[in-house]
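Visitor: One predicted model, sequence on top.
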Protein chains: 2
Amino acid sequence: MVNRSEYISDAVIRRLPRYYRHLGELMNQGITRISSGELGAQMGLTASQVRQDFNHFGGFGQQGYGYNVKDLYKEVASILGIDQMHKAVIIGAGHLGAALVKYPNFIKRGFDFVALFDVNPDLIGTDIGGVPIYSMDTLEEYIEANNIDIVVLTIPKVEASLVGERLSSTSIRGIWNFASRDLKISNPNIIIENVQLSDSLMRLSYRMHNDQRD
Amino acid sequence: MVNRSEYISDAVIRRLPRYYRHLGELMNQGITRISSGELGAQMGLTASQVRQDFNHFGGFGQQGYGYNVKDLYKEVASILGIDQMHKAVIIGAGHLGAALVKYPNFIKRGFDFVALFDVNPDLIGTDIGGVPIYSMDTLEEYIEANNIDIVVLTIPKVEASLVGERLSSTSIRGIWNFASRDLKISNPNIIIENVQLSDSLMRLSYRMHNDQRD
DNA sequence: TAGATTGTTAATCGATTAACAATC
DNA sequence: TAGATTGTTAATCGATTAACAATC
């Protein structure tokens, strides 16, 4: 993968996981090649947009042929960094934490949830689907000893900022935050992805009340 | 709220829940008025963008004063349609379904999860946090009898499309889909919001590997 | 009134679309 | 070779930013 290290817009970044999933489904269907026009039609994009998107990263097609589905899939995986394994822990062993641990798609995409952490003494020492639950006291120690690079926060917002600061001084590289307030921490090298489920539900409500086809 | 019924871009729609949340926090802090410049600075937007956004819906400020926080909050709620109550059911009483039922923010924003549905006979007849779990056999009947307008799908993708088709012939107005394949159904009047949690995680991975500040 | 800040028009910037020579 | 389809440049469209008269 050639990353020309030009600026990549958010619009492009948002489409990358969609390409990845779609190409995966094409592979499942046994489709080995596809043109930008056909791929775009299936995904609701123009042929130009598809080609422009991939040319940000070098362009993976061949004139007169189109794109090899499997090769393109691998390239997109590489661009997304999901050709590498990521070790992750989840803080908060509630229902959401349990749902994420048990969800099979993540491990398929290289995200390995290896431990849970919680403050509840009744949970510490137990496990969810074979993934152990540890005490919050051992968090930093565990992260460093096990080369954890992503921490998932499924804890209430009041606790999230405090835990965020604790994570600031660890060697993790990303936080996937489900707390209902956007997280900001002092370490600028740690990337934060805030997931606001209620934003998604509010957008659904908006569209239900202001019917625009998309 | 004046909706001029012009086309509203997706970029604007995505900002509306953020405004709503931010204004809510300002209210909690006892702040009663704010200028577009200050609101923008706090949210990482320009003053122009803030004013343009609100002027799509009529403009709620006053020259020389700015915006009344509480009034603006109510206006945004009205635009989003969350000044009205929405009755919802969740299909799939697993961990994710349980997490959503128990999450207090949704009821605060007018989304009332009144029932769960599942195929597992061990779960049918029990409840989660007081919300009953019913058999899938009674789904359509329940929806019509209780004026349900949103259905949440927390079931595997293989089952989601079948359930989606069943929902096509009901009077619901929206589907909030957590299954890992984008849902399409035959009834064009039902709005679908697909939540792809793994897309979010892949974007985090992308940013961890291609460090761009945002 | 003077100062502040809006609503709105105009200018700019960036993303998407169109066009086409290059080439498989 | 002829046909297909890319990579890439140019044109267009739309979103964001700037500017400023209106006005509280």
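Guide: Arrived safely, thanks for sending.
Visitor: now the strands: where do they sit in chain A?
Guide: Under the criterion DSSP state E, strands of chain A are mapped to A:33-34, A:67-68, A:86-91, A:111-118, A:127-128, A:131-135, A:150-153, A:174-177, A:191-194.
Visitor: ok, the second one: who's next to it in the sheet?
Guide: It stands for strand A:67-68. Counting by DSSP bridges, the strands paired with strand A:67-68 are strand A:33-34 (antiparallel).
Visitor: could you check whether the strand it pairs with is close to DNA strand C?
Guide: No. Using Cβ under 7 Å from any atom of the strand, no contact is recorded between strand A:33-34 and DNA strand C, whose separation bottoms out at 11.8 Å. All C-beta spots, glycine's among them, are computed from the backbone N, C-alpha and C.
Visitor: Spit out the contact partners of residue A:126.
Guide: A:132, A:133 (Cβ atoms under 8 Å, 6 or more residues apart in numbering or on different chains).
Visitor: rerun at 7 Å
Guide: Counting by Cβ atoms under 7 Å, 6 or more residues apart in numbering or on different chains, residue A:126 makes contact with residue A:133.
Visitor: For residue A:106, see how far away it is.
Guide: From residue A:126 across to residue A:106, the span is 21 Å (Cβ to Cβ, to the nearest Å).
Visitor: that older thread, of the strands of chain A, give the one that comes closest to DNA strand D.
Guide: strand A:67-68 (5.6 Å; Cβ to the nearest atom of the strand).
Visitor: tell me the mean pLDDT over the closest one?
Guide: Averaged across strand A:67-68, the pLDDT comes to 98.
Visitor: which residues are contacting that strand?
Guide: So strand A:67-68 is contacted by A:32, A:33, A:34, A:60, A:61 (Cβ under 7 Å, 6+ apart).
Visitor: what would the strands of chain A look like in TSV with distance to DNA strand D and mean neighbour count?
Guide: Formatted as TSV, those follow (distance: least, Cβ to the nearest atom of the strand, whole Å; neighbours: other Cβ atoms under 10 Å in any protein chain shown):
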stretch	distance to DNA strand D	mean neighbour count
strand A:33-34	7	18
strand A:67-68	6	20
strand A:86-91	29	23
strand A:111-118	29	21
strand A:127-128	40	16
strand A:131-135	40	18
strand A:150-153	28	25
strand A:174-177	23	25
strand A:191-194	18	20
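Visitor: got those strands as TSV, with distance to residue B:198 columns?
Guide: Shown next, in TSV, are the strands of chain A (distance: least, Cβ to Cβ, whole Å):
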stretch	distance to residue B:198
strand A:33-34	22
strand A:67-68	22
strand A:86-91	12
strand A:111-118	8
strand A:127-128	19
strand A:131-135	18
strand A:150-153	12
strand A:174-177	11
strand A:191-194	12
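Visitor: that older thread, would you reformat the contacts of strand A:67-68 as CSV and include pLDDT?
Guide: Below are the contacts of strand A:67-68 laid out as CSV (pLDDT from 0 to 100):
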residue, pLDDT
A:32, 97
A:33, 97
A:34, 98
A:60, 95
A:61, 95
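Visitor: next one: the least confident helix or strand in chain A by mean pLDDT to chain centre, how far?
Guide: Every helix and strand in chain A was compared by mean pLDDT, DSSP states H and E; the lowest is helix A:104-108, with a mean of 92. Relative to its chain's centre, helix A:104-108 lies at 11 Å (Cα atoms, centre = their mean, to the nearest Å).
Visitor: Pull out the buried residues from it.
Guide: Within helix A:104-108, the residues scored as buried using 16 or more other Cβ atoms under 10 Å in any protein chain shown are residue A:106.
Visitor: do the same with stretch A:40-49
Guide: A:40, A:43, A:45, A:49.
Visitor: ok, now stretch A:134-147?
Guide: Neighbour-count burial for stretch A:134-147, counted by 16+ other Cβ under 10 Å, picks out A:134, A:136, A:139, A:142, A:143.
Visitor: Quick one: check it for contact with chain B.
Guide: No. Using Cβ under 7 Å from any Cβ of the partner chain, stretch A:134-147 never reaches chain B; the gap is at least 13.9 Å.
Visitor: what is the mean pLDDT for that stretch?
Guide: pLDDT averaged over stretch A:134-147 gives 98.
Visitor: what does it contact?
Guide: A:87, A:114, A:115, A:117, A:118, A:119, A:124, A:166, A:170, A:171, A:172.
Visitor: try 10 Å this time
Guide: A:87, A:89, A:91-93, A:114-121, A:123-125, A:127, A:148-149, A:151, A:155, A:159, A:163, A:166-167, A:169-172 (Cβ atoms under 10 Å, 6 or more residues apart in numbering or on different chains).
Visitor: and those residues near chain B, which?
Guide: A:149, A:172 (Cβ under 10 Å from any Cβ of the partner chain).
Visitor: give the contact list for residue A:107.
Guide: A:85, A:101, A:113.
Visitor: Check the spacing between the nearest residue to residue A:171 once chain neighbours are set aside and residue B:125 real quick.
Guide: What sits nearest to residue A:171 in space, not counting adjacent residues and going by Cβ to Cβ, 6 or more residues apart in numbering or on different chains, is residue A:144, at 6.3 Å. The gap separating residue A:144 from residue B:125 is 47 Å, by Cβ to Cβ.
Visitor: What of residue A:82?
Guide: 41 Å.
Visitor: neighbour-wise, which of the two wins?
Guide: residue A:82 (22 against 10; other Cβ atoms under 10 Å in any protein chain shown).
Visitor: Contact distance from DNA strand C - what residues of chain A qualify?
Guide: A:9, A:11-12, A:45-46, A:48-49, A:51-52, A:62-65.
Visitor: Can you dump the C-alpha atoms of the longest helix along chain A in PDB for me?
Guide: The residue-count maximum for a helix in chain A (DSSP state H) belongs to helix A:10-28. C-alpha atoms of helix A:10-28 as PDB (Å, rounded to 0.1, in the frame of the first residue of the first chain):
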ATOM      1  CA  ASP A  10     -13.000  12.400   6.700                       C
ATOM      2  CA  ALA A  11     -15.500  11.600   3.900                       C
ATOM      3  CA  VAL A  12     -12.900   9.200   2.400                       C
ATOM      4  CA  ILE A  13     -12.000   7.700   5.700                       C
ATOM      5  CA  ARG A  14     -15.700   7.000   6.400                       C
ATOM      6  CA  ARG A  15     -16.000   5.100   3.200                       C
ATOM      7  CA  LEU A  16     -13.000   2.800   3.700                       C
ATOM      8  CA  PRO A  17     -14.700   0.400   6.200                       C
ATOM      9  CA  ARG A  18     -17.700   0.300   3.800                       C
ATOM     10  CA  TYR A  19     -15.400  -0.700   0.900                       C
ATOM     11  CA  TYR A  20     -13.800  -3.300   3.100                       C
ATOM     12  CA  ARG A  21     -17.100  -4.900   4.100                       C
ATOM     13  CA  HIS A  22     -18.500  -4.800   0.600                       C
ATOM     14  CA  LEU A  23     -15.400  -6.400  -0.900                       C
ATOM     15  CA  GLY A  24     -15.600  -9.100   1.800                       C
ATOM     16  CA  GLU A  25     -19.100  -9.900   0.700                       C
ATOM     17  CA  LEU A  26     -18.100 -10.000  -3.000                       C
ATOM     18  CA  MET A  27     -15.400 -12.500  -2.000                       C
ATOM     19  CA  ASN A  28     -17.900 -14.600  -0.200                       C
END
